[in-house]
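1. Structure for this input, please:
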Amino acid sequence: MIEPAALVPQRLVWSVASLVHAVADTLSAKFSACVVRGELSGFSRAASGHCYFSLKDADGEAALIRCAMFRRAAGLLDFAPGDGQLVEVRGRIAVYEPRGDLQFVVESMQRAGAGALFEQFLRLKARLEAEGLFAPERKRMLPRFPRRIGVVTSLGAAALHDVMTSFARRAPHVEIVVYPSLVQGAEAPEALVAAIAAANAHAVVDVLIVCRGGGSMEDLWSFNDERLVRAIVSSTIPVISGVGHETDVTLADFAADVRAPTPTAAAELVVLALQECMSALDGFAQRMQRRVAHVLDSHAQRLDASALRLARPTRTLQRQSHTLDLLEQRLRNAVHRSVETRQVGLQRLGARLPPAIRFMQSRQGMRVDTLQARLSGLDPRRVLARGYAWLADSQGAPVQSVAQLQPGQSLQAVLADGSAQVAVERIDANPLE
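-> Below you'll find the predicted structure:
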């Protein structure tokens, strides 16, 4: 049966522009304002100042949306966008009618994930730096030869294994004390602070290493905590920070007295290798030996000179005897001249003097002759010529009593015509009685 044409429903036929407008209106109503998180791709900035790029799904899904950011919104950016960056964009869904393409019109953009954390990192760093917590003059020198080292890290961390391996290889004589702590997660900052406090309370280590292995900025975020920074600064024990890899930087690195690029490097910085210590000790020993040898040589020369002087006491005696001879001769000449002068004077006056005075003059001459005879009798050589000897000990001192003697003692006997070396065989007190 054929239905009448009047009963056939009329089909809605859209024009292309109408359909695009309808879709655009529907999307605008449904997604009037939303935030999208994704990875930048194909970012470009046109001469007009507008920016065009695509956002790829951050979780690896095969999804992409084209984006446009007009000049006014692009001028408000506080960073330089680039491909591969993870960002969060705020805007609205729209349809680019000339091509019928779906696009996202971006009104604002900020870094997401690590980008946002990095901004927080910079703000906290600036505030703590303004307080002087990172000042170089606050840093302390590490002990050159620590006897006991503390390590703050997780017991299951690979960083602990690396540190212990380095110590076993370089300095097996150093004792290691581990203060276990969480190194990742929301509870890690408080655990790290407690471990540092425990190390300071025990006060048994000379230096403290705070370390963990590498990871993303989120993984290392515990070491950017303000509480940990202040705990490191207030520690009475010098602190070395060895967090992450060489390119990783945390606030704990700025607060520590020394920053090491890795946990292994921290272990290498805090102790000298055993071979280096042995080489240093060898150098010290050689310098000490040279110094001792120099001192001994100096004393030996002085001893030789003293022994040479002690071995020849006759020279000293001869010099003294020669001096006495000179003094005696000078005295004789002086007395002789004085007597002659007086005798000549007396002879000149004798003729004019009365007999009594001449008698006194004769007595004066006799007195002078007597004094001259007594003076000659005091000459040591005359005493020695009568058979006496002058005894001296090994030091050249005269021997005046048997109390100064001992059996077997060596003495120097000086006679009128020479000297002899004698030895004491027996000592008799008062042999002349």
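
2. What secondary structure category should be reported for Ala24?
-> Under DSSP: H, G, I helix; E, B strand; the rest coil, Ala24 falls in the helix class.

3. Now for the residue lying closest to Gly38 once chain neighbours are set aside: which residues touch it?
-> Spatial nearest neighbour of Gly38, excluding adjacent residues (C-beta to C-beta, 6 or more residues apart in numbering): Leu55 at 3.4 Å. Yep, even glycine has a C-beta here, placed from its N, CA and C like the rest. Leu55 is in contact with 36, 38-41, 64-65, 67, 87, 89, 104, counting by C-beta atoms under 8 Å, 6 or more residues apart in numbering.

4. Among those residues, the buried ones, what's the PyMOL command?
-> For the buried members of these, the matching PyMOL selection, counting by 16 or more other C-beta atoms under 10 Å, is:
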select buried, resi 36+38+39+40+65+67+87+89+104
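
5. now the helices for this structure?
-> Applying DSSP state H to the chain gives helices spanning 16-30, 71-74, 114-130, 158-170, 188-202, 226-234, 251-255, 263-270, 274-311, 313-350, 355-377, 380-385.

6. Output the below-cut-off pLDDT ranges for the stretch 201-350 of the chain.
-> Applying pLDDT under 70 to the stretch 201-350 of the chain flags the ranges 273-277, 309-314, 346-347, 349-350.

7. nearest spatial neighbour of Ser28, skipping sequence neighbours?
-> Once flanking residues are discounted, Ser28 sits nearest to Arg92: 6.4 Å by C-beta to C-beta, 6+ apart.

8. show me the contacts for that neighbour.
-> Residues near Arg92 by C-beta under 8 Å, 6+ apart: 28, 31-34, 104-105, 107.

9. Pairing partners for it in the sheet, please.
-> Taking DSSP bridges as the rule, Arg92 bridges to Val105.

10. one step back: dump the contacts of Leu55 into CSV; add distance to Glu268 and pLDDT as well.
-> Listed next are the contacts of Leu55 as CSV, based on distance: C-beta to C-beta, whole Å; pLDDT from 0 to 100:
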residue, distance to Glu268, pLDDT
Val36, 47, 91
Gly38, 42, 88
Glu39, 38, 87
Leu40, 40, 89
Ser41, 42, 89
Leu64, 47, 90
Ile65, 50, 90
Cys67, 49, 94
Val87, 40, 87
Val89, 46, 91
Phe104, 51, 91
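
11. closest to Ala24 among the contacts of Leu55?
-> Phe104 (12.8 Å; C-beta to C-beta).

12. how near is that closest one to Arg386?
-> Remark: distance between Phe104 and Arg386 (C-beta to C-beta, to the nearest Å) = 139 Å.

13. Next, count neighbours for Val243.
-> A count of nearby residues for Val243, using other C-beta atoms under 10 Å, gives 30.

14. likewise Gly84?
-> So Gly84, with other C-beta under 10 Å, has 9 neighbours.

15. Please tell me how far it sits from Arg127.
-> With C-beta to C-beta as the criterion, Gly84 and Arg127 are 30 Å apart.

16. can you check Cys211 too?
-> In this view, Cys211 and Arg127 are 25 Å apart by C-beta to C-beta.
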